[in-house]
Structure formats: structure tokens, C-alpha cells
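Novice: Quick one, structure for this:
(chains A and B)
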There are 2 protein chains.
Amino acid sequence: MTYSELSGQIVQKQSYLCIGLDTDPRKLPPHLSTETDPVFTFNKAIIDATADLTVAYKPNIAFYEAQGPRGWESLQKTLEYIPKNCFTIADAKRGDIGNTSDLYARTFFDQTAAGLSFDSVTVAPYMGRDSVTPFLAYEGKWVILLALTSNSGSADFQRQQVGDQELFETVITTAQTWAGPDQLMFVVGATQAAELSRIRELAPDNFLLVPGVGAQGGSLEDVSRQGLTPNGGLLVNASRSILYASNGTDFAERARAEAKTLQTEMAIHLTLR
Amino acid sequence: MTYSELSGQIVQKQSYLCIGLDTDPRKLPPHLSTETDPVFTFNKAIIDATADLTVAYKPNIAFYEAQGPRGWESLQKTLEYIPKNCFTIADAKRGDIGNTSDLYARTFFDQTAAGLSFDSVTVAPYMGRDSVTPFLAYEGKWVILLALTSNSGSADFQRQQVGDQELFETVITTAQTWAGPDQLMFVVGATQAAELSRIRELAPDNFLLVPGVGAQGGSLEDVSRQGLTPNGGLLVNASRSILYASNGTDFAERARAEAKTLQTEMAIHLTLR
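Specialist: Residues are numbered from 1 along each chain as shown, chains lettered A, B, ... in the order given. Below you'll find the model as predicted:
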């Protein structure tokens, strides 16, 4: 999906919501336990209930990997099922030396390798340029690079002073010499809203993927006020607050209600921008 | 495997070799193509030919992931087949917020999750403490944290000046407040031998996992002279130079010869130490 297609989806749906498909088999509604593939059945129902309210879906790969080969099958079926007008993110936080990042890129981008063809992958920046560029070699595919994450550990290295800026700022400025805003987004935690305007200055046109609204306590209003651009420029992720809104047979309906609340607020922020 | 068991293996085998099972199905000897699981058949032959010469095996997970569910099955069978006196490393370079790193730790450490029980996982430090500690919660299991990697991109962030040291040094000193040398190793590329004595000062007792000897051009002599400690303290990895020593029916024999050459040199360095 291109930059302008993604911006177009945001206008059309009046939403910059991304739903994190962090589907934990241990947290599924009990009535799904007799299904052949409870994770896929759950994801399918969530997607059916929310696809008109969200512009992106982001399965966190850890949740599927932890199920072994069966989990990879649930992931393949889920990705296949996501409507083509939704942007897809493999939240994998990969990164390795060049020839190995090549393989990670094949895994998530090349349908003929592992049966997956995501629009984008989250990548960890620590190993530098040649760990990131193999992902950029796929035309029309995106890298979403970790910059300033939502967790407490972000203080340990990301916020260390490097010259006259912090490490996450160095990451943002350096990575922009590797790719333009049509292939490069940054992860910025919603719990870091105070830094968002600074990040917007460093990366005026890049989309920011913002997790941490909802269960992690970030504010949608703060994030929107500082992060939105004329082209949208934001994907705000919510996972647990939507997926596990109910543990009963009404889980999909309740997930939709949660997504609808976020989308309604987003429509207002899009108008105010 | 404990610190003293690993040190004991090094003395017994007169080797600190780690063999990287970076098995690329596209590079296998052609005569294996008719096998049901060519990757496992190949790994099995390599393990049979080298288990007395090496103290560790390190499958790089990217190579298995890129095959989808089938790759995970090859990985499970390979891990199962490695003799119990060899240390096992999931070279996965994972790292995510706490509750997600929990799942990655389950994936690689808890046999009941994804059918895998490695001794250790490589972890990327960018997200800080709470992305690393979930792996440390498994007693007897190890984190091998990226510090200074062998690729050219290591210059981009790892070598940035943070106060009076470089970022990789901050990673090494900070991480030592999270775990002792009985659970924490560092990745230091063999191409960075000039920094090894500095790293040894910062981490006198930690094992260092050193990739980059062989195909990537690092020198075993330099690494050994600066990295060996009375307890061993080094795992030097070689992958391509061993796995693909021959593309014929003699591949295992030739792999053994390559491993034997490295082990013979290691025995000398162990004596000189």
C-alpha cells in the first residue's frame, strides 16, 4: 500500500486506528476452545467486526511464534483474511546483519517464502543501516523503525544523550538518509507524548506508529494534537482494550464498540487538524 | 547449562567453537533435495560430524522462519537432536515490551509452548531493561545481548559517543546491573577485535559470543588473545565456512575438517592462555 493510498484510507474511514492482533490463546473467550483454530476464529471475528473502523492491523509475531508451527498457520490465515484496503504490519522487531535481514524480509514480504506478504515490518535499529536496508529493497513495502518506545526501558538507551540530541533522535535523523517517508515510519510510544512535537519536527512527513493508547495509559488527544499532519501521518494502535473488551460470546460486538469509540474521537481530531 | 558446566566443556573438548546452523535450503548439496526434510537431514549430518569438536550450536532463526511452519518443524527436530552436552543458542535477536518479551522467552525456553527449549537467546538491547528481564526469569537460561556487532552498520548507533563512552559500552555496563555472568553474555563481532580488550575490562567474567570469524574476515588469533579468560569466556562462531565447505556428498566430512582446523587452533590458544 502506498503513502497516498494510506492517507486516502484515513480520510475515507475517518480513522487512523491500528488494531493490534496480539491474540493470546490463554485469554480467548472460553466458548472458542472447541474450534479447530481458536486464534484464527477469534481474529476473523475481530476483523469482521472492525474492518470498517480501522486502517491497519498489526499482529505481534511473538503471540503466534509462541504456538510453534500451529501459530504460524494461524498467522498465515489471519493475514490472508484481512481486507486488502487495510494496511498490514508484522510487529516483529527484527534486525540482523545484512544477509540475515534479507531472510527476515523474505519471511514477511515474499508470499512464496513463508506464505506471508505484509505491507510492513517493525525493525529494531541497533545494528544500523545494513540491518534495515534489505527490508527497503522490496518496492511498495515499508520499514517501521523503533525510535522511542512506550515501555519504561526506553529510558535505558533510547534517551541517552548523543551529542546534542538523544539516541532516538539520532535514529530518526540517520534513518531518513536510508529511505523517504513513502517507505519509512517510526514507532513512538503514546506514553512519550511530551516528545512528539520534537519528533514531528525531525520527521515532518513520516507516518508514526503509536502504540500505548489504552491499556498502557497514553492519551489519544495528546498524541493526535501533536502527531497529526495534513496527510494523516499517524497510526494509533490499540490491542488489549479492543481484543479483550469482553470474554463472552459478545466479544466481537464489544470489540467493535471499543474501536468505534476510538474512531469517533479520531474523526473529531481529523476535523480539528 | 550452567557457567561452570560450559567452562568444563571447553576444557574437555579443548574448544570454544560454536557452529552457526544458518541452514539455507537454497545452498544445500543437491543430493539432499529428495529428502523429506532436507534442512534437518543436513543439520543432523553436520551435528554428527562435529559434536565432539564444538561446545555450542547456534541456529539463526531467520533461516527457519523464512520456510514458514515447515521451517519451525526443522528447527524443533534439529534442537532435539543436538547432544545435551552442547550449549544451544537461539540466534533470534528478539526484544519487545515486557509482556511481549515474556512470550518470546516462552517460545525459546519453554518446551510446552513452541516445542523448543534452548539454553540461550540473543536479544537486542534497544528497548532496555524490561525487554530483557523476562528472558532472565528462566532459571538456568541465558540472555546473549547484542553489544558490538560484526556488520558495517555497527558504526551507525553502537559506536556513537554517549558521555565518556560509546553506546555499546553503556549497553555492557548497564546490562550487568540486570544479571550476572552466569546468565548474561554479550555479542561482540570478531571484526571488532581492536575493541575486545576494552570490552574485556568492562565485562571481565562474562562469556562473549563472537561471530565473524571465517566468511566475515575476523581473526581467531586476535579474538582469542584478547578475549580468553581462565574460565574460557569465549564462544567463537563459524557458520558458512563450515556448513558449505563442500556442496557434494562429502559435505559433512569437509565440515568436520573445517571445524577440526578451528578446534586445533583453539586448543593451542587455550594452552597459551
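
Novice: And the residue of the stretch 151-273 of chain A closest to chain B?
Specialist: Residue nearest to chain B within the stretch 151-273 of chain A (C-beta to the nearest C-beta): A:Gly153, separated by 2.5 Å. Where you see a C-beta, it was placed from the backbone N, CA and C, and this is true even at glycine.

Novice: ok, for that residue, nearest residue in space, not its chain neighbours?
Specialist: B:Gly128 (2.5 Å; C-beta to C-beta, 6 or more residues apart in numbering or on different chains).

Novice: and the one you found, how many neighbours?
Specialist: The number of residues packed near B:Gly128 is 24, by other C-beta atoms under 10 Å in any protein chain shown.

Novice: ok, now which ones touch it?
Specialist: Residues near B:Gly128 by C-beta atoms under 8 Å, 6 or more residues apart in numbering or on different chains: A:Asn151, A:Ser152, A:Gly153, A:Ser154, A:Ala155, A:Asp156, A:Phe157, A:Gln158.

Novice: before we move on, what about A:Thr50?
Specialist: A:Ile19, A:Ile242, A:Ala255, A:Arg256, A:Ala259.

Novice: Sort out which of those are in strands and list them.
Specialist: Those of those mapping onto strands are A:Ile19, per DSSP state E.

Novice: Looking at the contacts of A:Thr50, which are in helices?
Specialist: A:Ile242, A:Ala255, A:Arg256, A:Ala259 (DSSP state H).

Novice: returning to what we had before: could you export the contacts of B:Gly128 to a markdown table, including columns for neighbour count and distance to A:Lys27?
Specialist: Converted to a markdown table, the contacts of B:Gly128 look like this (neighbours: other C-beta atoms under 10 Å in any protein chain shown; distance: C-beta to C-beta, whole Å):
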| residue | neighbour count | distance to A:Lys27 |
| --- | --- | --- |
| A:Asn151 | 24 | 20 |
| A:Ser152 | 15 | 23 |
| A:Gly153 | 22 | 24 |
| A:Ser154 | 26 | 25 |
| A:Ala155 | 11 | 29 |
| A:Asp156 | 24 | 29 |
| A:Phe157 | 23 | 31 |
| A:Gln158 | 24 | 29 |
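
Novice: Pop out the phi and psi values for the residue nearest to A:Gly153.
Specialist: phi 80, psi -170 (degrees, to the nearest 10).

Novice: how near is the nearest residue to A:Glu265 once chain neighbours are set aside to A:Ala259?
Specialist: For A:Glu265, ignoring the flanking residues on the chain, the nearest one in space by C-beta to C-beta, 6+ apart is A:Leu220 at 5.8 Å. Distance, A:Leu220 to A:Ala259, using C-beta to C-beta, to the nearest Å: 12 Å.

Novice: next one: A:Arg129
Specialist: 37 Å.

Novice: And the most centrally placed residue in chain A, its phi and psi?
Specialist: Taking C-alpha atoms, centre = their mean, the centroid of chain A lies closest to A:Lys58, which sits 4.7 Å from it. Main-chain dihedrals, A:Lys58, degrees, to the nearest 10: phi -130, psi 90.
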